[in-house]
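I'd like to go over a predicted model; first the sequence, then the structure.
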Amino acid sequence: MENQRIRLIDIAEELGLSTATVSNVIHGKTKKVSEETVKRVQELLEKRQYIPSMAGVLLAQNDSKWRAWSSLVFASRITADFVKRCIYHLLFTTAA
């Protein structure tokens with residue numbers, strides 16, 4: 001995995017854990033995770049030099065403003081793509 005960003009799923013697969021467990025350790029939610037597992041995850045995170053993505057960090061914060069903004073951006077992209085396809089269809093596929 002040289003020159004590739006290490007993902008949470010890569011860490012989970014290497015340790016044989018779920019992505020939820022690894023995510024919980026990363027975000028300090030370790031009440032339901034054994035100390036041994038926490039230690040294994042933290043050691044591999046350090047060894048692989050894992051850096052969380054900014055989007056993941058913001059989503060993990062459970063900030064409703066971030067979710068609303070990202071939903072709006074996503075909806076805008078879908079709408080823009082739909083409008084672009086409609087215009088293309090009207091201009092290039094309609095019989096004269």
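Everything's here; your move.

please name the residues that touch residue 42.
Counting by CB atoms under 8 Å, 6 or more residues apart in numbering, residue 42 touches residue 25. No exception for glycine: its C-beta is placed from N, CA and C like everyone else's.

for it, grab phi and psi.
Summarising the backbone geometry of residue 42 under the convention degrees, to the nearest 10, its torsions are phi -60, psi -40.

and it, how far from residue 20?
16 Å (CB to CB, to the nearest Å).

remind me which residues of the chain are low pLDDT?
Flagging of the chain using pLDDT under 70 yields the residue ranges 1-3, 54-77, 88, 94-96.

where do the helices sit along it?
Along the chain, counting by DSSP state H, helices occupy 8-15, 19-26, 35-47, 54-60, 64-92.

by contact count, what packs against the second one?
Helices and strands touching helix 19-26, by 3 or more CB pairs under 8 Å, 6 or more residues apart in numbering; DSSP states H and E, are helix 8-15, helix 35-47.
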